[in-house]
Each structure stands twice: as structure tokens, then as C-alpha cells.
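Colleague: Provide a 3D model corresponding to the input given below.
(chains A and B)
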Number of protein chains: 2
Amino acid sequence: MSQTPETQVDEEKDEHPEVEIEEGDEFGLGEEHLSQLRDHLRDGDEKGVRDLFEDLHYADAADILQQLKSDDRTQVYQIVGTSFDPDIISELDEDILEEVVEEMGANQVAHAISEMDSDDALSVLEELDEDDQKEVLEALPIGERSIILEGLSFPEDSAGRLMQRDLVAVPSFWTVGETLDYLRGDVDLPDDFYEIFVVDPMFKPLGTVPLSRLMRNKRPIRVSSLMEEQLTTVPVDTDQEEVAFIFRDRDLVSAPVVDENARLLGVITIDDVVDVIDEEHEEDIMRMGGVTQDEFYSSAVDAAKSRIVWLVINLGTAILASMVIGLFSDTIEKLVALAVLMPIVASMGGNAGTQTLTIAVRAIAMKELTPANALRVVGKEVAVGSVNGIIFAVLIGTATWAWFGDAKLAAVIGAAMVVNMVVAGFSGALIPVALDRFGADPAISSSVFLTTVTDVVGFFAFLGLAALVLL
Amino acid sequence: MSQTPETQVDEEKDEHPEVEIEEGDEFGLGEEHLSQLRDHLRDGDEKGVRDLFEDLHYADAADILQQLKSDDRTQVYQIVGTSFDPDIISELDEDILEEVVEEMGANQVAHAISEMDSDDALSVLEELDEDDQKEVLEALPIGERSIILEGLSFPEDSAGRLMQRDLVAVPSFWTVGETLDYLRGDVDLPDDFYEIFVVDPMFKPLGTVPLSRLMRNKRPIRVSSLMEEQLTTVPVDTDQEEVAFIFRDRDLVSAPVVDENARLLGVITIDDVVDVIDEEHEEDIMRMGGVTQDEFYSSAVDAAKSRIVWLVINLGTAILASMVIGLFSDTIEKLVALAVLMPIVASMGGNAGTQTLTIAVRAIAMKELTPANALRVVGKEVAVGSVNGIIFAVLIGTATWAWFGDAKLAAVIGAAMVVNMVVAGFSGALIPVALDRFGADPAISSSVFLTTVTDVVGFFAFLGLAALVLL
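Modeller: Prediction:
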């Protein structure tokens, strides 16, 4: 910082250089910058491009880069070249990241990675495909390479991949004075840190001391008498989803990571956990929508490919439902109103079941729905299905009577509606519980099973009852 | 802390009192504790209940409480009474919270709230219904009441509701030495803090200094020369969803909150933002599943009620689709295979459209899908729909030919499949973009519109083509 405090204050008063967020387009979009960049590229104004990238916040630069056409991006790589901010790279989506490696070359990417924090570097390398990863790793200096390789040796999506290795740890017999002198000494410490760890001679974490507490106490006091003892340690191979759960459950802002001998390896802070929460959330949303990954930046052909599996599965269940209808071809031939009305019963069952499923899947993820209360929850959902089943039986029965003037048909569709909505409540709660019990992730697979059940039962109940009662 | 450092270390070595997370049931479930508690309640062992609640982490205690039957909970309130840990209350779900207020009385809840941090207290009071809120507020001491009332005066879900009022701010002309002396002095400071704010004479934030940096610099240095200047200030009325977006976009761990005159009011830290992110996730998931709120702990009747609106809307769209089928009653009567096959076309369109919708809604939320690239995205999704439409046309055409031995019927269903999947791609991308443009939340309403379109188009294309070609 070159300014004296006085000029600093004056400038601030006059120009408000801090970021203001009053205007909607300040964050994320940056459409103005995007069109500026496009103009520069069209005019071949290389200095303009370079200046623009220097001024932008790295998150905005990454956003803008992702919005460009592939050709324009290539041009940007060539112009900005070595002065590309490493932080931009750490913000890019997987698809764009691989393009960057291809266009900029492994050496330049390795250079950028060597300037990142170790956990950011690791998360970029994780996203590369195997060949690119190898190439970039080989281009890294030996020191950085070994840290990254150790990081990669921990299981994917585990605490070991999330943790920062930089931390401050002191022995429990040190005093506040000794600790302060150590921190002020010429040692290699992290840039900024907020607490120090107190460890035993085996480097096992005993507690943490927030810096504010360290600063406000007298020099002769032992750090061990100031420390927070209720430590929640995270084994290095803990899955990141579990890590996120622990942080939320315990309201943690940081947690020490330990190896199998309970020795301190690193620290996970809540800002790393936010990324995990976002990732898991994205996965949940994608799964619910039948998409395997966010392919917003993929080509149409890649996107089409990645969606096929889910569509094939759905084609299978749709054909199964059709076969159920096929059993009743004769009935439909005699009373074509059945064909007109049958999708209503199936669709209402599907929607009611999805409501139950949503509540149940979430309660399982939050560990609120357990084997201990599963029976009660299923019972409640059956009750909900019965209540709403009766309500919608009356509604659709009345509508059917008005439409087709056939009281028996109205009674049949009403009865089928009750049956299907009770079944929907029952299976909407039971399917995820059962999948969870058998070790499957209820978020992924529940909805196929559920809609298969509600389609089959919906068509079978309605057409079957019709065959019995009406013909 | 009463132990001397030495006994502390010894104890730690022998008994490992820090929390270990090796066993799956240590977190969340606590089934063992739950059954212990049930035993104590059955045996009328009041001391056992009290001891159990004293030993438990407050998050676990809240979990266990929520898993009990309502009668058992009432018993617990009576037994634990005044010694109820306030932190337990801040962890409870809305439904249980209102029960607690009813059972424990406003005075006792007010007492608990007065012991919480101001932002926790605010978030508990927010969740109460108006009458309970009023009662508890009146039972609060005047000091706490006015802080809470000021908090409640900020818009719901705004930065003002999230921020902590406790912070450390110093003038920019102070030196490190002056600041350290102030912090060590006998002033009323927050328990733990990680950075100090530097403010101008108007109390406008100029920058922040991490404690570690303050501690490692010499006494005569001015704080203004150490501070981080790139401040992202959040106006007090910013919506919490926007706050979360800013934190993620800028990788922030904390941000100062300012009033309309840009004066420092409080600070939002990333742990507050995690709760917001979770809340928003929950909303997203619930909306996608057609549920208005998490009613896991509601009664069956309340749950049934809260789900009715969505089901009524779906009944409407299902009836609309039926009316389309009704237009072709004569056609179906002549060829009942149409009734058997028609749900396949509608269902595949619905699923393909939902895939597109999922990608689009998320990209809008992440501000990746903007008016600037909307046309390109819609084009891509139409391309995806065409590719997959042709693939599934071939699949279902072949299956239909094999099943009904009718090449013309196979061609009709194939053609209808292509049409519906192209329409699904088009509307899956366009509907959320259009809703967003008109200020509606695309996450809530997109899917009804979409499935209405894919059902109507699916039935119309298939039955209409069949009427033209086959009869």
C-alpha cells in the first residue's frame, strides 16, 4: 500500500472506491464489460483487452470469459497470455477449464497453479481429465507438485481434499508471551489466520485459541488455559458431504483435520464448506431434474449424450405403463371416455407422490427421518394421501359427472383417485427409506421408482375398476 | 476454564474428550440417547432427563427433542424447565418452536432469548407467529427488546436481519499500538472477533485489518496502511439471496453492512450466509417437488392442507390435457392402440423438458443465463431436443412396430416424439427465461407451464398425426 493514511481517507470521501452493490448489474452479469470486450476483440484492440482484464474482479473476469464464444475465448488467451490472473482459472467451469489447458498449454497453466493457495490448486487439478492433469503436474515445480500429489492421494470428495495445510500450531505449555513472540518472529506463517491450534507433543490437537483472546490476555498466561476445548476433529478421509453436515450440525466455523493417529494435518474452514454445500445442492437439483451434471457450457451433442441414460430409463417405465393400459384395450374400445380421463389419475398420483418424496428425501439428508421414526412418517403420509385423495376424488368425480353425465364413471375415477393418492403417499415415503436402508442414494433413484408405481397403479386402478363396474 | 494446563493435557491424553466422528451415529441421530431419554421419561426419572440434557450438545438435544412424540416433549419441558439451554431453542424447527412457547410460557422463552446472541435471538423471534412474538417481546428486558425491535424493522430476509451488531471499529489515524491498547483495555468487546474495521469520522467503513496482521506489525504503523481496501459493502436492505450470491461470487468471509448514508451498521459473516444458502436450497428443492414448506414435523392435516394448492393447479393442467385427448375420441375409438401409446409421447416430452428446465433455472440463478445469451441457449436446447428426439423416435418406432406390427403407427409415434422433444427443449429453455424477464421466480412456476405444454403438444401431435395419416 503506497498511500499515506491521510490521502487515503480523502480519496475515499470523494470517490467511494469501495465496491457498491446498489446497481443490479454490478455483480455476475457485467454485460457492459462483455460488450466492451467484444468490441475490443472485433477491433483487434489488444491493449484494450489486456486493460479490461486487469481492471476486472477475477470472479467477473471468469464469468465474462464463460459467456464468450469459443473463438473469442481463444483470442483472449492469446492476447492476455502470461498475465492471466491465476484466480480467474480457479473460478472456471470444468468444460472451459479443459479448453484453457488446451489453448494456453500445460506450462502456463502450471505457472498459474503454482501461484494459487494449495487447496485452490488442488481443486483445479481435480477437475482436469487424466492426461491434462499429468501434463500440468509434470510442468509444476517439485515442491508444489509433491503437495498436490499428497492432496490427490486422499479420496476424492474427502476432508483431505478440502483442508488447508497452512496453520499455526503451538505446544500447550507455551505462554501467551511466547506465542506472540513466535508469531511476530521471522517464521513462515499463513498470510491471514484467525486462531492458533494448541497441540500435544504427538501433534494431536488439544484446542484452539482465537487470536482476539490471545491478544487480550497477559503474557504469562498459558495458552492451554485459554483454549476452546470442545474440538470437533474431522478424520482426513471423511466424505465432504459428512463434513458439511458436521459443520452445520455443530455451527462450526473451522475444524482441525487429523490422520489415523489423530495427528493434526490441516484445517477446514467454513468458506471451503460453502463450496461443498453448493456442489451438493447442485447435484441434488440436477438429479431431481434427471440431469447428470451441469452441462450449461457443453456442446449440444455432449448435452444430448449426457441426458440419454435418464430418458432411456423413463422410456422403459413409460412402456411399462403402456402395457398396463394394453391389458384394458377392450374396455377402452367400449368406453373411450376412459382413455380421455386415465392420464388424470396417473398424473395426480405422480404429483402427490413427488410431494411426499421431496419431504422424505430431505428429511433423510438432514438425518431427521431415521429407522426409528420411519413407520410413523409412512403412516402420516398415508393419512395425507387419504385426506387429499378424498378431496380430489370429490373434485374430479364432480367434473367427470358434469363432463360425461355418467355417475358410475364419476364414482370409478373418484375411487381410483383415492387408491392412487394413498399409494402415492405410501410409496413416496417408503421408497426413499428403503433405498437409504439398502445403501442407495434416495435422491437419485427414488423418483423413477415412484412414478413407475403411481403410473402403473393409476392406470390399473382406474381401468380395472372401470372394467369391473362399468361393463 | 477451571483446570490448570497440566491436568488438562493429561486428561486429554488419557481420555480423548474431544469429539470424535468415527462412528456414524455420533452425529444427528443420537438414537441411543433418544431411547435413553424415552426410558427415563417412562420411568419418571426426572434427574436422568435433566442430566441427559446437560450432557448433550445443544444441536443433538434439539434433534432428539424433535423426534419425540408431542406428549413426551411436554414432559421434558416440565422437567427441564428453567435450565433449558437457550441454544437448543435456537435450533428448533418452526412447528416445535411454537409448541415450546405454548408449553414453557413467554417469560421463560424471553429469558432464554435474552441470553442468545442478538442475531440468533432475532431469528428465533422471526419464526414465531405474531401473537407469540408480541408476548415474548413484552417479556424481554427493555435493552434486548429495543435491539430486537430495531432488527425486526429491517425488511424480512434482508441483510439487516442477518448482521451482527457487535464489531470493533477504529479511526483510520490510529496506530497499531493505539489499537492494541484499546483492545486490551477494559472495553465492552465481542467475545471473539477476527478483524477490525477502520472507519472515517462519519463511521463509513474504509477497510478491514485481520487480527493476525495487526499482531505481526510494529506499534507505530498506522492501521490505515495495513487494511484491506477492497471492501464489498452490503446495504442493509439487500435481500439475503443477493447477499449469499455476493459472498460466493467474491469469495468473501465477511462483509460490512451499511445504512443509506454508507455508515457502518454491522457485519455479516460467512457462517450466517451458510444458513441462508441452506434455506434457499431447501426452498428450491421444495418448490421443485411442489411443496410450499418443509412440513416434516407438521400434522397430517396441516401437511395435506399445505399441499392442496399445487395439486389443484396440477388437476387443472391434467384436465386440460384430457380435453385435448377428448378432441380425438373418435380416432381413439377406431384405433385403441393410440390410447395405449399416447402417454409415452407426453411423458418423454415432460422428462426431456424437465432436464432442459433444470439446467436453465440453475443457470439463471447463477446469473450465467442472461438476456445476452438466451437466444443461443434456446437454440442449443432445440438442437439437443432434435438429436434426442430422433434417437428416441427410432427406439419407440421400432418398439411400436414390433408390438403392434403397424409401420404407419410406428412412423406416427416417431414423428410425434421428435415434435414433442423439440418443443420440450424450446419451452424448457424459453419458459424460465420469459418468467425471469417478467419478474416471476422461474424456480416456482416453470414446471407447471412446461408439463402443460409437453402434455398438450404430446397428445395433440400424436393423436392429430394419427387422425391425418392412419384414418
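Colleague: neighbouring contacts of the helix or strand harbouring A:D63?
Modeller: Per DSSP states H and E, A:D63 falls inside helix A:58-67. If you take C-beta atoms under 8 Å, 6 or more residues apart in numbering or on different chains as the criterion, helix A:58-67 is touched by A:27-30, A:33-34, A:37, A:53, A:56, A:73, A:76, A:85, A:87-88, A:91-93, A:96, A:297, B:249-251, B:367-368, B:370, B:372-373. All C-beta spots, glycine's among them, are computed from the backbone N, C-alpha and C.
Colleague: Let me know the next secondary structure element after that helix.
Modeller: helix A:70-80.
Colleague: tell me the angle of that next one relative to helix A:58-67?
Modeller: 140 degrees (axes from the mean of the first three to the mean of the last three C-alpha atoms, to 10 degrees).
Colleague: now what about helix A:70-80, what contacts it?
Modeller: A:37-38, A:41, A:46, A:49-50, A:53, A:65, A:68, A:84, A:96, A:99-100, A:103-104.
Colleague: about what we covered before: quick check on the contacts of helix A:58-67: which are buried?
Modeller: For these, a burial check counting by 16 or more other C-beta atoms under 10 Å in any protein chain shown picks out A:27-30, A:33-34, A:37, A:53, A:56, A:73, A:76, A:85, A:87-88, A:91-93, A:96, A:297, B:249-251, B:368, B:370, B:373.
Colleague: From those residues, which land in helices?
Modeller: Of these, the ones assigned to helices by DSSP state H are A:33-34, A:37, A:53, A:73, A:76, A:87-88, A:91, A:96, B:249-250.
Colleague: Out of the residues you listed, give me the two with the largest separation.
Modeller: The most widely separated members of these are A:R73 and B:R250, with 22.9 Å between them, by C-beta to C-beta.
Colleague: Quick check: the residue of the stretch 301-450 of chain A nearest chain B.
Modeller: Of all residues in the stretch 301-450 of chain A, the one sitting closest to chain B is A:T358 (2.7 Å; C-beta to the nearest C-beta).
Colleague: confidence score at that residue?
Modeller: pLDDT for A:T358: 91.
Colleague: residue contacts, it?
Modeller: By C-beta under 8 Å, 6+ apart, the contact set of A:T358 is B:285-286, B:288-291.
Colleague: Can you tell me which of these is nearest B:L311?
Modeller: Taking C-beta to C-beta as the measure, B:L311 lies nearest B:G290 of these, at 7.8 Å.
Colleague: Pull the number of nearby residues for that closest one.
Modeller: Per other C-beta atoms under 10 Å in any protein chain shown, the neighbour tally for B:G290 reads 21.
Colleague: Under a three-state scheme, what state does the residue nearest to it when sequence neighbours are not counted occupy?
Modeller: Excluding the flanking residues, the one nearest B:G290 by C-beta to C-beta, 6 or more residues apart in numbering or on different chains is B:W310, at 4.1 Å. Assigned state for B:W310: helix (three-state reduction, DSSP: H, G, I helix; E, B strand; the rest coil).
Colleague: Hmm, B:W310 is touching B:T292, no?
Modeller: Yes - between B:W310 and B:T292 a contact is recorded at 7.4 Å, counting by C-beta atoms under 8 Å.
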